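Peer 1: Whatever this is, show me its structure:
(one chain, ligands or ions: 2)
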Amino acid sequence: MTSKVELVSVVIPTLNEAGNILEVINTVEKELRYPYEIIIVDGGSTDNTRKIVKNKKCKLIIETKRGYGLALRLGMKTAKGNIIVMVDGDGTYELKHVNIVINRMIKKDAELCLATRMYDPNKAMGMMNFVGNKVITFCFNMLYKQNLSDSQSGYRAISRIAFNKIKFKEDDMAFATEMLVKFSQKKFKIVEIPTIYKERKYGKPKLRRFKSGIEIFTTMLKGFTEKHYE
Ligand SMILES: Nc1nc2c(ncn2[C@@H]2O[C@H](COP(=O)(O)OP(=O)(O)OP(=O)(O)O)[C@@H](O)[C@H]2O)c(=O)[nH]1
Ligand SMILES: [Mg+2]
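Peer 2: Ligands and ions are numbered 1, 2, ... in the order given. Just a heads-up that it's a prediction; the model follows:
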């Protein structure tokens, strides 16, 4: 669907990531081999995150209403690129791999490429997240006839044309699953490429495991029972 990279829009949600965001932005600037724009969607950080971002060549959107999915959706809506890369601002994803994530999507003629952390040689992902992710991914694969290894990866390259064909509504962590559900329903091709998992150096995770788990399963089931759930 997307055969050429014209512009890459890197969309990054942040909530109190002052100790991490500069390295994330700097690595994108250093590594990304295509024309790009960086869009930061900040959820009302009370640390120095916004000050750091303002000193860089990034577009800054502020949305104080809480929500990972809401932030990403907003950022993606304003993205000008024909390729969107979504990635966290907490430094846990390896941005040195950004080109291979994009290239894999193009080469495989896919609409989405997930960077999977499941083959990380250091096995750095926490036990709870690892097991939760495995269970969710197994159920997702069963319901949607996919063969993915890391459905909860927030590091993805996405075709802008494909993204525009879908309405998204999940405001929080379930957004990542909603995207996979709706791409599967539209028969958009999803591929994966291995990356590593890096532990958070600064700040706390915002993930609320129980709440997110319920929302993720609800999203998967809704998609399964309503063939074209909007
Ligand atoms: N704008 C915005 N960003 C958010 C919000 N919640 C989380 N984020 C950001 O979204 C990214 C993912 O959140 P994390 O807290 O790392 O959640 P996670 O990756 O599931 O958890 P870990 O595995 O512990 O890293 C980070 O860059 C956060 O700063 C929010 O409500 N608004
Ligand atoms: Mg994280």
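Peer 1: roughly how far apart are the most centrally placed residue in the chain and residue 67?
Peer 2: Centroid-nearest residue in the chain, with CA atoms, centre = their mean: residue 154, separated by 2.9 Å. Separation of residue 154 from residue 67 (CB to CB, to the nearest Å) stands at 13 Å. C-betas here are computed from N, CA, C, even on glycine.
Peer 1: swap in residue 91?
Peer 2: Counting by CB to CB, the gap from residue 91 to residue 67 is 21 Å.
Peer 1: Neighbour count: the two, which is higher?
Peer 2: Counted by other CB atoms under 10 Å, residue 91 and residue 67 do not tie: residue 91 has more neighbours, with 22 against 19.
Peer 1: contact partners of stretch 212-221?
Peer 2: Contacts with stretch 212-221, where a contact means CB atoms under 8 Å, 6 or more residues apart in numbering, come from 132, 136, 139-140, 143, 152, 170, 172-174, 177-178, 181.
Peer 1: To clarify, my last question referred to stretch 84-92.
Peer 2: So stretch 84-92 is contacted by 8-14, 17, 20-21, 23-24, 40, 49, 72, 75-76, 93, 95, 98, 101-102, 154-160, 163, 197-203, 205 (CB under 8 Å, 6+ apart).
Peer 1: Stretch 165-175 now?
Peer 2: When contacts are defined by CB under 8 Å, 6+ apart, stretch 165-175 is touched by residues 65-70, 72-73, 152, 177-179, 182-183, 186, 207-208, 211-212, 215-216, 218-219, 230.
Peer 1: Give the phi and psi angles for the residue located most distally from the centre of the chain, as a check.
Peer 2: Distance to the chain centre peaks in the chain at residue 225, reaching 25.0 Å (criterion: CA atoms, centre = their mean). The phi/psi pair for residue 225 (degrees, to the nearest 10) reads phi -80, psi -30.
Peer 1: and the gap between it and ligand 1?
Peer 2: 26 Å (CB to the nearest ligand atom, to the nearest Å).
Peer 1: any idea how far that residue lies from residue 69?
Peer 2: 21 Å.
Peer 1: circling back: tell me the pLDDT of the nearest residue to the residue nearest to the centre of the chain once chain neighbours are set aside.
Peer 2: Computed as CB to CB, 6 or more residues apart in numbering, the closest residue to residue 154 that is not its neighbour in sequence is residue 88, at 5.2 Å. Note on residue 88: pLDDT of 97.
Peer 1: Surely residue 88 forms part of a strand?
Peer 2: No. Counting by DSSP: H, G, I helix; E, B strand; the rest coil, residue 88 falls outside a strand, being coil.
Peer 1: what pLDDT does the residue farthest from the centre of the chain get?
Peer 2: So, for residue 225, pLDDT stands at 86.
Peer 1: how near is it to ligand 2?
Peer 2: Using CB to the ion, to the nearest Å, residue 225 is found at 30 Å from ligand 2.
Peer 1: cool, and residue 209?
Peer 2: For residue 209 relative to ligand 2 (CB to the ion), the value is 13 Å.
Peer 1: count of neighbours near that residue?
Peer 2: That count, for residue 209 with other CB under 10 Å as the rule, works out to 12.
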